[in-house]
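S.K.: turn this into a model:
(2 chains)
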Amino acid sequence: MQPFELITVSSIPDAVKAQAASSTAQQGAPVRFIAGGTNLVDYMKINVETPRQLIDINGLPLAGIESTPDGGLKIGALARNSDVAHHELVKERYPVLSQALLSGASTQLRNMATTAGNLLQKTRCVYYRDTAYGCNKRQPGSGCSAIGGHNRMLALLGTSDKCIASNPSDQNVALMALDATIHVTGIKGDRAVPIDKFFLLPGQTPERETVLEPGDLITHVTLPPVPSGAKSLYLKLRDRASYEFALASAAIVLKQSGGRVESVQVALGGIGAVPWRSHEAERALTGKVVSAVNFRAAAEAALHGARPQSQNGFKVELAKRCLAHALAQAAAQA
Amino acid sequence: MAQQQEQAPERIQNSKIIGVATPRIDGPQKTTGTAMYTSDHHFPGLVYAWPTTATVSSGTVQKIDASFAEKMPGVLAVYTHENLGRLYRVPPGPMLTLMIDETRPPLEDTTIRYYGQYVAVAVAETMEQARAAAEAVKVTYTKSAHNTADQLLTASRELTTNESPKTDENASGVKEVTKRGDTANALASTHTTHDAVYSTPTETHNPIELHASLAVYKDGRFTLYETSQAVVNHRDVLAAMLGVPPDKVQVITRFLGSGFGGKLWPWPHSALASACSRNLGRPVKLVVSRSMMFESVGHRPAIDQRIQLAATPEGKFTAIQHDYVNHTSIQDDYDEGCGEATGILYSCPNLLVTAGMARRNVGTPTSMRGPGAVPGLYALESAVDELAIKLKIDPVQFRLMNEPQVDETNGKPFSSRHLKECLTTGAEKFGWEKRNAAVGSMKNASGQTLGWGMAACSWGAMKTDAEATVELRADGTARVATGAQDIGGGTYTVIAQMVSHETGVPVEKVEVVLGDSSLPPGPISGGSWATASLTPAVLEAARSATQAILLAATKSDGSPFKGKKQDDLEFVNNSVHLKGQAGPTLSTSDVLKLAKAQSVNATGKSRGLFGDPHAKYSFHSYGAQFVEVTWEPEIARLRVSRVVTVIDGGRMLNPRTAQNQIEGAVVMGVGMAMLEATEYDQRTGQPINNNLADYIVAVAADCPHIDVTFLDYPDFNLNPLGARGVGEIGLAGVAAAITNAVYHATGVRVRRLPVRIEDLLAAPEHTRAIA
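M.R.: Have a look, this model is predicted:
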């Protein structure tokens, strides 16, 4: 761990101003916000992140969870994962988000980790974490060691020849299925970023993971109401029963009527370079009869463009079974 | 079968202390954080060492540039092969002495043989400064080709070694471990045979307590606080490496956060810390990091095992051949000993076990809980299951049909063997008679598929030399001391029970002192030997102490027993009275007051059986593991849901800690079967999943319901309390029982651990439920 300065801010403008001094808001940022610290501090300990200054934003009034006038929900950037998961409105309206959060990490970590911090969670790729190896995400231009290496956990979709890292978050998969909006304030004012525009595919610049620029502070996330009568759930498949990242996961919001799928929102975790919204699966299913055959067909569509690596080919079939099963479970709830 | 057991003295049979579930006496210290683990120790002037480790796995150090690191804040020194000072190699010792796995002292030369080998060490005022300096040391290497491949048997199933192990007698690098009859002929002439290769990966011990050394060098003496499962051996090895007499070295391990065998013998960091303290004249603490734990403190090696079996159509074994190759390091020979149980588990006229090694660029392997037998039984008991299926014989019945009458490896009688009862009791408790042998045929109430599998197991029982002292004090307390250690399994408590049993001093008034090499030499905490070895020595010491009280009672002025013969007196419940008479009694405190003495002290010594070819009996523990797995084919999710374990482990001195040992071992078996594997990046040779996020072990949610039963057959041929020790037996057989259950549920036979979702996705269609 490198020496760093820790400062505390008491207002949002002060926070924005302090981080705006950074050359980037992405990998290697010399100035970073810190909230729960459950991810950033780990990477600082192993010199993967070496900020010279941390801005403690825990004192900012951004921890609230409240209903919005349209029947949706506003979740503060600093709301702890535990508080979100156990919030009555979340459990009632967005079980998929509650389930996703509770399937991640451990109780202790969830008590510290925040909504915005989880949005920015780093990949678990072992080469990203080991500075003895090349990694284009950590050190642009140094190569991708995961290609041809230990890549069992890594991504099948959205990868590039520069990076095959997977996004490890469970929360983000649920937020993706729920069409969340990320609210950001920065030096040019406030803006609202739809979640499917928030994450950047690795392409040739895997070090850039989100649209955030220096000075940008996530203030809150809003969720639109789910269609009346829709059921949502999260299914996570992994090697052990708890405290383990997903090999494949699925977040589903499904509404059926008359034995047909009226609307469906599908996102997949553990298999994408970013939390993976599958419009292909949604298109394959919308208007179709609720059936195991159609669920499997949607899963085939979702994984159509999968690019397996040397160790993770099995995740293509696993993700298909995960999605088909999650759809069947959601349909059975109606 | 012949069970030749001597009768136990009635007092031992009817003890109110021995065999009674007793809470750990060290529990409050551990739960309140006052137990001093090695790295908790601190001394004035303490400084910290952090090693620089090799980032290639084969080659030569060209240049080490420490000029920048040496000038960093707080840095006292950076040592390399050029300036560390002399460390000697350890000469070979008689059996179980001067034990060390990695024989090369750290920084001895510039040759790199494995990734993570120490190449320098930085010492600084704080741990962070030492680490920063160690990471700033610039090392350049000349790389050469390395090999960390896990393929140890060739496709033709011939044993291969890429370099003949030095200890082997023949050129092929393969040695015969045990042999009887004509296996080749029997395999060729019997029509029901089985032949398969079973592979287990490198496993890393990963106790929660990191390895650590805190070396205090002062006035020519080394006081070493170590994470050691064998303080006496550690003292002797470090004395040899440092080139000083053993009486100049004291090794202390008050508490261990477990070790699983990884802390049996000294590793390079220990010599490194001692050398740094010697150079600087200050106490030096070196805590091995989690990632270094995967490199330079041992591991269970990767192993390939070929099992060939033959049986008559009626189910009698006619041949067993077990050929195994384990990897070892470039420098050292390590034989996993996978045939430990093979020769004795079943009756079979033709049997051959061979062992081979294959050199890899890895740190030297070492014992991990149940070394040899645990991976060996995974292979053997998987193969036995496969043959039972071919023969269409129930796997429990098949095992019962092949029970030997004597140890067929040497013709000796078994001291105490109740494997058949383990199998029948386990089958009954598990409900085995309800098993439908057809794959995928059984369902639970939720419609999930169930798989039921089982395996037999055994683990050699042994006792080694041991010595202990017992002191009886005027204040009614006792003290017992021995140079053994408590790995966490409950040795503190069991020793207190033994002393209490013999003297009548209540357990809570017995002070137990362990983990110090200056105490009378005790056994290692390994091999499940500690309890069996300590029993005779502690009992003798306690009995001698009571005799000393009797003697004092006959000699002291004012004693009602003055002038009596010592033989006329009896010591019961911490008091003296005349044998067979109601008469006066005198407590130990009273006797010592009359004698104007503070205490009496006595020593007990016992001889072990280790390596004794004249031992009359074959000593082993036995067990049966029954496992249920729950299988959801539509999402390829398989979990171990229920385990019934029946253990024939002699007398359980403390059923509470014994049960805890077995339960912990079963959970470790779930990890071995389903989760654990150290993965080497073949391009660099580095253990790449070198942390507890990527090397996954079973967590609480993975723990099945575990039902432990102990058969209560004391083994008085082994020691006077009939105890054998249960540290390892609970892990033996678990992995095979799980993979046998996996096959029963899924139709997938996994012959390469761990069982992965990759394997299960290949389950045949007919075993998959319709979603």
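
S.K.: what packs against the longest helix along chain B?
M.R.: In chain B, with assignment by DSSP state H, the single longest helix is helix B:530-555. With contacts taken as 3 or more CB pairs under 8 Å, 6 or more residues apart in numbering or on different chains; DSSP states H and E, helix B:530-555 sits against strand B:466-473, strand B:478-481, helix B:491-503, strand B:569-572, strand B:575-578, helix B:588-594, strand B:599-606. The C-beta positions use only the backbone N, C-alpha and C, and glycine is treated the same way.

S.K.: can you put the ones you listed in JSON lines and add distance to chain A, mean pLDDT and mean neighbour count?
M.R.: Putting the helices and strands packed on helix B:530-555 into JSON lines (distance: least, CB to the nearest CB, whole Å; pLDDT from 0 to 100; neighbours: other CB atoms under 10 Å in any protein chain shown) gives the following:
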{"stretch": "strand B:466-473", "distance to chain A": "40", "mean pLDDT": "98", "mean neighbour count": "25"}
{"stretch": "strand B:478-481", "distance to chain A": "40", "mean pLDDT": "98", "mean neighbour count": "24"}
{"stretch": "helix B:491-503", "distance to chain A": "30", "mean pLDDT": "97", "mean neighbour count": "27"}
{"stretch": "strand B:569-572", "distance to chain A": "53", "mean pLDDT": "94", "mean neighbour count": "18"}
{"stretch": "strand B:575-578", "distance to chain A": "53", "mean pLDDT": "95", "mean neighbour count": "19"}
{"stretch": "helix B:588-594", "distance to chain A": "50", "mean pLDDT": "97", "mean neighbour count": "21"}
{"stretch": "strand B:599-606", "distance to chain A": "44", "mean pLDDT": "97", "mean neighbour count": "19"}
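
S.K.: in stretch A:236-251, what's buried?
M.R.: Buried positions in stretch A:236-251, judged by neighbour count with 16 or more other CB atoms under 10 Å in any protein chain shown: A:236-241, A:243-251.

S.K.: returning to what we had before: which one of the helices and strands packed on helix B:530-555 lies closest to B:Ile303?
M.R.: Nearest to B:Ile303, of all the helices and strands packed on helix B:530-555, is helix B:491-503, at 29.9 Å by CB to CB.

S.K.: export the closest one as CSV, just CAs?
M.R.: The C-alpha coordinates for helix B:491-503 follow below in CSV (Å, rounded to 0.1, in the frame of the first residue of the first chain):
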residue,chain,number,x,y,z
THR,B,491,-4.8,-31.4,23.7
TYR,B,492,-4.8,-28.9,26.6
THR,B,493,-8.2,-30.2,27.7
VAL,B,494,-7.4,-33.9,27.3
ILE,B,495,-4.2,-33.7,29.3
ALA,B,496,-6.0,-31.9,32.1
GLN,B,497,-8.6,-34.7,32.0
MET,B,498,-5.8,-37.4,32.3
VAL,B,499,-4.2,-35.7,35.3
SER,B,500,-7.6,-35.1,36.9
HIS,B,501,-8.5,-38.7,36.4
GLU,B,502,-5.4,-40.0,38.0
THR,B,503,-5.1,-37.6,40.9
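
S.K.: near chain A, which residues of chain B? Just list them.
M.R.: Residues of chain B that fall close to chain A, judged by CB under 8 Å from any CB of the partner chain: B:55, B:128, B:135, B:634-637, B:639, B:674-675, B:679, B:681, B:683-684, B:686, B:688-689, B:693-694, B:696, B:698-702, B:756-758, B:761, B:770-771.

S.K.: just these: which are in strands?
M.R.: When DSSP state E is applied, the residues of chain B next to chain A are split such that B:637, B:639, B:681, B:686 fall in strands.

S.K.: residue in chain B nearest to chain A?
M.R.: B:Ala701 (3.6 Å; CB to the nearest CB).

S.K.: now the helices and strands packed on helix B:530-555 as CSV including distance to B:Pro523?
M.R.: Output for those, formatted as CSV (distance: least, CB to CB, whole Å):
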stretch, distance to B:Pro523
strand B:466-473, 5
strand B:478-481, 14
helix B:491-503, 10
strand B:569-572, 27
strand B:575-578, 32
helix B:588-594, 28
strand B:599-606, 10
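
S.K.: of these, which approaches A:Thr159 most closely?
M.R.: Nearest to A:Thr159 among those is helix B:491-503; the distance by CB to CB comes to 52.7 Å.

S.K.: packing partners for the closest one?
M.R.: Partner elements for helix B:491-503 (3+ CB pairs under 8 Å, 6+ apart): strand B:466-473, strand B:478-481, strand B:510-513, helix B:530-555.

S.K.: ok now the first one, how far from the chain's centre?
M.R.: Strand B:466-473 sits 26 Å away from the centroid of its parent chain (CA atoms, centre = their mean, to the nearest Å).

S.K.: cool, and the second one?
M.R.: For strand B:478-481, the distance between its averaged C-alpha position and the chain's averaged C-alpha position is 26 Å (CA atoms, centre = their mean).

S.K.: buried stuff in stretch A:33-42?
M.R.: A:33-40.

S.K.: using JSON lines, lay out the helices and strands packed on helix B:491-503 together with distance to B:Pro404.
M.R.: Below are these laid out as JSON lines (distance: least, CB to CB, whole Å):
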{"stretch": "strand B:466-473", "distance to B:Pro404": "31"}
{"stretch": "strand B:478-481", "distance to B:Pro404": "40"}
{"stretch": "strand B:510-513", "distance to B:Pro404": "40"}
{"stretch": "helix B:530-555", "distance to B:Pro404": "23"}
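
S.K.: quick one: closest of those to B:Gly74.
M.R.: In terms of CB to CB, the element of those nearest to B:Gly74 is strand B:510-513, at 36.9 Å.

S.K.: so which bits of the closest one are buried?
M.R.: B:510, B:512-513.

S.K.: quick check: closest non-adjacent residue to B:Asn574.
M.R.: Once flanking residues are discounted, B:Asn574 sits nearest to B:Gly504: 3.7 Å by CB to CB, 6 or more residues apart in numbering or on different chains.

S.K.: tell me where the stretch 151-300 of chain B has helices.
M.R.: Secondary structure of the stretch 151-300 of chain B (DSSP state H, counting those that start in this stretch): helices at B:183-189, B:231-242, B:268-280, B:290-293.

S.K.: okay, the angle between the third one and helix B:231-242?
M.R.: In this case it means helix B:268-280. Helix B:268-280 and helix B:231-242 are oriented at 60 degrees to each other (axes from the mean of the first three to the mean of the last three CA atoms, to 10 degrees).
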